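Novice: Take a look and give me a structure for this.
(chains A and B, ligands or ions: 2)
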Amino acid sequence: MSQLALVIDLNVCVGCHACVTSCKEWNTNGWAGPMTDQNPYGESPSGTFFNRVQTFEIGQYPNTETVHFPKSCLHCEEPPCVPVCPTGASYKRKEDGIVLVDYDKCIGCKYCSWACPYGARELDAEQKVMKKCTLCVDRIYDEKLPERERRPACVLACPTNARLFGDVHDPDSTVSVAIREQGGYALMPEWGTKPANHYLPRRKTRITLHKDELERVDNPLKKEGLAKADDSRQTLDDTTSW
Amino acid sequence: MHPALSVILLTTLIGVGQGLFLALYTGQVYSLIQLIPMQESQRFYANGAAVSLAFLIAGLIASFFHLGRPERAWRSATRWRTSWLSREVIVLPIMMALVFTYAVIHYFGWTQPLFTLPGDMPIDASLIVGALGTLAAFALFLSTGMIYASIRFLQEWASPLTVINYTLLGGASGFTLAAAFSAYLGLDLVGFFGWWAVVLTLAAAVTRISSLIRNRRLKHKSNLQTAIGVRHNRIQQKAQGAMGGSFNTREFFHHRGPGAMAFMRLAFLILVFPVPIALLASAWFSHSEYLALAAFAVQYIGLLAERWYFFADAQHPQNLYYQTVS
Ligand code: SF4
Ligand code: SF4
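Specialist: Numbering: from 1, shown residues only, chains lettered A, B, ... in the order given. Ligands and ions are numbered 1, 2, ... in the order given. Sure, this is the predicted structure:
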């Protein structure tokens, strides 16, 4: 059984919100729409989103780092939100693991949103049914679209390629390789929800240089007493290509 | 969590209805084994069951205001295999039907013994229906409590104490109402129901205060580190992705300060436990029906505060993602 998922690379996300707007644009018009807004141009706009980008600051000045954190339904493999639904409107698809809400069955009781530890579900304030990320189920299988566009709208929109999409059960997929090789992790592992979506951590490329790597130990000039432990002077290393 | 009025009313009202029914049936069983005098079928049991039914119906009506799409509410009975909410949706009407039947049997006086148990105990239809109703009442307490207790990451709720509190508090308020009801009818049962009410109220005080202590000591399993997966002791949110709030800020926060929490806690600790006990005791001594009614009214108001606090007290892990607007 496959399990489709997103892998989000926090190392390259720049927090531009392109995925947010692209998600809203696609989904409000599509199968999962509308995603209504309240007071969109007013003082405190509010509305339904499947995907939001949040920003966190790690550390204390001056040692701080900004992490932009896109957040959407993680399509958990053990979704606690599904069994609690009294109507069966919330379900997880067997064939690809996508967690969906059937808007025609949902009674808007909000119980599933209580049962999601990640706050990934939002009740549409106008339609009064529960909404959440669909992994663009209405486009990833659409054969009318060219093959490269059969991916979630957020993935296509991301200018830094911070969002990878694929089957995390296929060990050779891009997403599985990325999780395995680049330290992909799950959010709140303490609840055993087994999120399908993973995050790739911030990665620093560091190289450790030891003193003897900067200074040639076997510099022949040293033997002749010509090279002193004086960094300001040129050494043979600086002038000669050995 | 945001304490929604509809859910506060639903859980407190059906709790009273269930408790009152349990009280009536307890009274009937006690009079069967001749520990208390037999009551008139129609006046006491039929009217009492009607009052219980009225509370259950009021609770049901309140629950509809919680739903976004109440017209589809019938669908919520379909997932009883996995969802406690669905089980509650099924048990509540069953309970109502049994209470209704119980009232009808007593109203028409169909209480001729069907058979007699050894020890000269005549069993009539109302006793059988009442026994089923009692089962339904406990099943309903269990379902209501488990709706909250089964969400494991709402750690304040995820405890057997939640179910026990729902049962004892509902029972206490129901028995208090039974005492008030018999005082109102001028029956000599204020002492009987009053005693039960006091015992249940005291038991509820023990378990509810235990859960307050438990929740005060609670260590939350999730924190910002596990929420975003960054291991650093100092993480601060700078933006939550929305300026004017969202469902996540409306549904999961009570937006009140610690002062309001402390006030509500004090209010329910006083109004649910000591005041009704004092009023019941004085009602018993003074034979005043008003004091007994006041005991119920005060306890019910206290229970509204208790339920408000129950919801407001629960810290949902999703709140970690919604600490700062921008
Ligand atoms: S992230 Fe939340 S809504 Fe999505 S599958 Fe997991 S528990 Fe359900
Ligand atoms: S809000 Fe809708 S999808 Fe969620 S539990 Fe209730 S009926 Fe199910």
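Novice: for residue 152, phi and psi?
Specialist: Answering for chain A, as no chain was given. phi -60, psi 150 (degrees, to the nearest 10).
Novice: Quick check, it in contact with A:R139.
Specialist: Yes - using CB atoms under 8 Å, A:P152 makes contact with A:R139 at a distance of 7.2 Å. From N, CA and C alone the C-beta is placed, and that goes for glycine too.
Novice: Of those two, which one has the most company?
Specialist: Per other CB atoms under 10 Å in any protein chain shown, whichever of A:P152 and A:R139 has more neighbours is A:P152, with 27 against 20.
Novice: Setting aside sequence neighbours, what's the nearest residue to the residue of chain A at minimum distance from chain B?
Specialist: The minimum distance from chain A to chain B, using CB to the nearest CB, falls at A:G108 (2.0 Å). Excluding its sequence neighbours, the residue lying closest to A:G108 (CB to CB, 6 or more residues apart in numbering or on different chains) is B:G68, at 2.0 Å.
Novice: on that earlier part again, how about the residue of chain A closest to chain B, what does it touch?
Specialist: Applying CB atoms under 8 Å, 6 or more residues apart in numbering or on different chains, one finds that A:G108 lies in contact with A:123, A:128-130, B:67-69.
Novice: out of those, who's nearest ligand 2?
Specialist: A:M130 (4.0 Å; CB to the nearest ligand atom).
Novice: what's near enough to touch the closest one?
Specialist: Per CB under 8 Å, 6+ apart, neighbours of A:M130: A:89-90, A:101, A:106, A:108, A:110, A:112-113, A:121-124.
Novice: can you check A:K131 too?
Specialist: Residues near A:K131 by CB under 8 Å, 6+ apart: A:32, A:35, A:48, A:50, A:101, A:103, A:121-124.
Novice: Can you get me a residue count around the residue in chain B that ligand 1 sits nearest to?
Specialist: Ligand 1 sits closest to B:Q318 of chain B, with a gap of 8.8 Å, by CB to the nearest ligand atom. By other CB under 10 Å, 23 other residues sit near B:Q318.
Novice: Counting neighbours, what do you get for the closest residue to it other than its chain neighbours?
Specialist: The shortest distance from B:Q318 to any non-neighbouring residue, by CB to CB, 6+ apart, is to A:G119 (2.9 Å). Using other CB under 10 Å, A:G119 has 25 neighbouring residues.
Novice: what does B:I209 give?
Specialist: Look at B:I209: counted by other CB under 10 Å, it has 12 neighbours.
Novice: number of nearby residues for residue 89?
Specialist: All of this is about chain A. 26.
Novice: Correction: the question concerned chain B.
Specialist: Counted with other CB under 10 Å, residues neighbouring B:V89 total 25.
Novice: and it, that one's in a helix?
Specialist: Yes - looking at B:V89 with DSSP: H, G, I helix; E, B strand; the rest coil, it is inside a helix.
Novice: what's the spacing between it and B:A77?
Specialist: 5 Å (CB to CB, to the nearest Å).
Novice: Contact residues of chain A facing ligand 2?
Specialist: A:85, A:87, A:89-90, A:101, A:106-112, A:130 (CB under 6 Å from any ligand atom).
Novice: hang on, A:M35 packs against A:F49?
Specialist: Yes - A:M35 is within contact range of A:F49, at 6.8 Å (criterion: CB under 8 Å).
Novice: Which one's more surrounded, those two?
Specialist: A:F49 (26 against 21).
Novice: Now do the contacts for that one.
Specialist: Counting by CB under 8 Å, 6+ apart, A:F49 touches A:20, A:23-24, A:35, A:122, B:241-242, B:246.
Novice: coming back round to it: so for B:V89 and B:A77, which residues contact both of them?
Specialist: Common neighbours of B:V89 and B:A77 (CB under 8 Å, 6+ apart) are A:P86.
Novice: And the furthest pair within the contacts of A:G108?
Specialist: Across the contacts of A:G108, the longest distance by CB to CB is 11.5 Å; it joins A:M130 and B:L67.
Novice: tell me the contacts of A:T36?
Specialist: A:47-48, A:124-127.
Novice: no no, A:F56
Specialist: By CB under 8 Å, 6+ apart, the neighbours of A:F56 are A:66-67, A:69, B:224, B:228, B:230, B:235-238.
Novice: Out of these, grab the one that's most surrounded.
Specialist: Neighbour-wise, the contacts of A:F56 (other CB under 10 Å) top out at A:F69, 25 neighbours.
Novice: Could you find the closest non-adjacent residue to it?
Specialist: A:Q54 (4.7 Å).
Novice: Adjacent strands (with direction) for the helix or strand harbouring the one you found?
Specialist: Using DSSP states H and E, the element containing A:Q54 is strand A:51-58. If you go by DSSP bridges, strand A:51-58 pairs up with strand A:65-72 (antiparallel), strand B:235-239 (antiparallel).
Novice: The first one - what's its average pLDDT?
Specialist: When the per-residue pLDDT values of strand A:65-72 are averaged, the result is 97.
Novice: next one: the shortest one
Specialist: Across strand B:235-239, pLDDT averages out at 95.
Novice: since we're on B:S83, how many residues are nearby?
Specialist: With other CB under 10 Å as criterion, B:S83 counts 29.
Novice: Would you check that it makes contact with A:A89?
Specialist: No - if you go by CB under 8 Å, B:S83 and A:A89 don't touch, sitting 11.0 Å apart.
Novice: Return the closest of the contacts of A:F49 with respect to B:L142.
Specialist: Closest to B:L142, out of all of the contacts of A:F49 and judged by CB to CB, is A:E122, at 30.6 Å.
Novice: Looking at strand pairing, list the partners for that closest one.
Specialist: For A:E122, the beta-bridge partners are A:K131 (DSSP bridges).
Novice: tally of neighbours for it?
Specialist: By other CB under 10 Å, the residues close to A:E122 number 23.
Novice: Cross the contacts of A:T36 against strands and list the overlap.
Specialist: Using DSSP state E, the members of those that fall in strands are A:G47.
Novice: filter the contacts of A:T36 down to the ones close to chain B.
Specialist: The subset of the contacts of A:T36 within reach of chain B, by CB under 8 Å from any CB of the partner chain, is A:47-48, A:125, A:127.
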